[in-house]
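Visitor: Quick one: sequence and predicted model below, then my questions.
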Amino acid sequence: MPASPKSKPPSLEEQLARARQDLEVARDVAERIANEEAANLGSDELFTGWLRKKRVAEQDQSCLEALITSLERQIDASEHAAKLEVFAARWNAVAERSVAVKAMYEVNLLQAWEIVAKVIEAAAQLEIDRQVILGAMPAGFEPPAPIYQPDLEIRCRPCRDKTILKTEVVDMLTDREGRLFVDQSCAAAKRGVARQFRHVTYLPMQTSSQTPPFWQQLVFPRLSSVGGPLYDGTKTSSPQEALAALRMERPVDVEREPMMRIEPIRQPSVADFDGPPAI
């Protein structure tokens with residue numbers, strides 16, 4: 001004969017629910033037996049039997065209370081373990097991302113710096129050459145092609161005219177002199193005169209805004225635990241200084257200066273003050 005399937009053992013929650021039901025019954029039994037004391041005072045034999053039943057009922061109640069406490073602790077521990085397991089999964093997900101980002105710092109940022117450094121060098125050298133050739137341009141020379149300034153051509157914000165988006169006629173309340181009430185719902189406004197106004201929605205004019213050269217605004221921080229920034233253009237004022245900052249050798253490590261402090265070895269005693277004065 002095939003073996004009969006084993007029934008699934010009750011869960012901790014099911015055991016707890018059953019124990020709480022049994023506790024309610026045990027409390028009712030203990031309370032009923034406690035109320036029978038007066039009816040069992042007729043003889044020592046009756047009282048002894050009642051006392052024995054009372055102690056058994058109280059013991060059953062106490063055992064069920066201890067069981068419930070134990071089950072609640074097991075459930076709390078199980079729920080805490082489940083939360084830890086979920087949190088561990090979240091932790092591992094962030095840890096995996098941190099490995100990927102660390103690799104990006106070690107590889108991608110270094111590649112980005114190589115690209116940016118080439119752009120800075122090319123832009124600074126172009127500005128130097130542009131200034132030189134402009135200064136050497138002979139009279140009557142007609143440039144066959146423009147020499148672009150990338151910061152002006154690409155990074156300068158152009159001027160924009162005012163743009164009307166919408167115009168509509170609205171009724172607004174004014175005083176007798178035609179001055180508009182700021183709060184159209186106030187009591188004074190309600191006693192005012194309704195006049196027509198043109199309500200215009202528009203984008204204001206935007207003036208052009210130039211920007212300093214790219215090489216002068218950029219700060220590219222260090223990519224390792226030693227040294228300073230790979231490049232700090234904020235301290236440069238010319239393309240020549242930008243090239244010098246780009247090619248400057250950076251310290252392998254940050255210099256630390258020695259410091260001194262005085263630390264007492266023990267607290268002074270009365271005997272220390274009996275001798276000659278301290279120098």
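Guide: Received the coordinates, thanks. Numbering: from 1, shown residues only.
Visitor: Now do the contacts for Arg222.
Guide: With contacts taken as C-beta atoms under 8 Å, 6 or more residues apart in numbering, Arg222 has the following neighbours: Gly228, Pro229, Leu230, Arg250. Glycine gets a C-beta too; all of them are placed from N, C-alpha and C.
Visitor: any idea which of these has the most stuff around it?
Guide: Within the contacts of Arg222, most neighbours by other C-beta atoms under 10 Å means Leu230, with 20 neighbours.
Visitor: can you give me the mean pLDDT across stretch 69-85?
Guide: Confidence over stretch 69-85, taken as the mean pLDDT, stands at 93.
Visitor: Show me the shaky parts of the stretch 151-279 of the chain.
Guide: Across the stretch 151-279 of the chain, the ranges flagged by pLDDT under 70 are 251-254, 270-279.
Visitor: Remind me which helix or strand Val170 belongs to.
Guide: Per DSSP states H and E, Val170 falls inside strand 163-174.
Visitor: Going by contacts, tell me the helices and strands next to that strand.
Guide: When contacts are defined as 3 or more C-beta pairs under 8 Å, 6 or more residues apart in numbering; DSSP states H and E, strand 163-174 sits against strand 193-203.
Visitor: in the helix or strand following the strand it packs on, what counts as buried?
Guide: Under the assignment DSSP H and E, the closest C-terminal helix or strand after strand 193-203 is helix 214-217. Within helix 214-217, the residues that qualify as buried by neighbour count (16 or more other C-beta atoms under 10 Å) are Phe214, Trp215, Gln216.
Visitor: Check which helices and strands helix 214-217 is in contact with.
Guide: Packing contacts for helix 214-217, counted by 3+ C-beta pairs under 8 Å, 6+ apart, involve helix 109-135, helix 239-247.
Visitor: same thing but at 6 Å, please
Guide: With contacts defined as 3 or more C-beta pairs under 6 Å, 6 or more residues apart in numbering; DSSP states H and E, the packing partners of helix 214-217 are helix 109-135.
Visitor: how about the residue nearest to the spatial centre of the chain, secondary structure?
Guide: Nearest to the mean C-alpha position of the chain, by C-alpha atoms, centre = their mean, lies Val94 at 13.8 Å. The assignment at Val94 comes out as helix when based on DSSP: H, G, I helix; E, B strand; the rest coil.
Visitor: What are the neighbouring residues in contact with it?
Guide: Residues in contact with Val94 (C-beta atoms under 6 Å, 6 or more residues apart in numbering): none are found.
Visitor: what pLDDT does it get?
Guide: As summarised for this prediction, Val94 has a pLDDT of 96.
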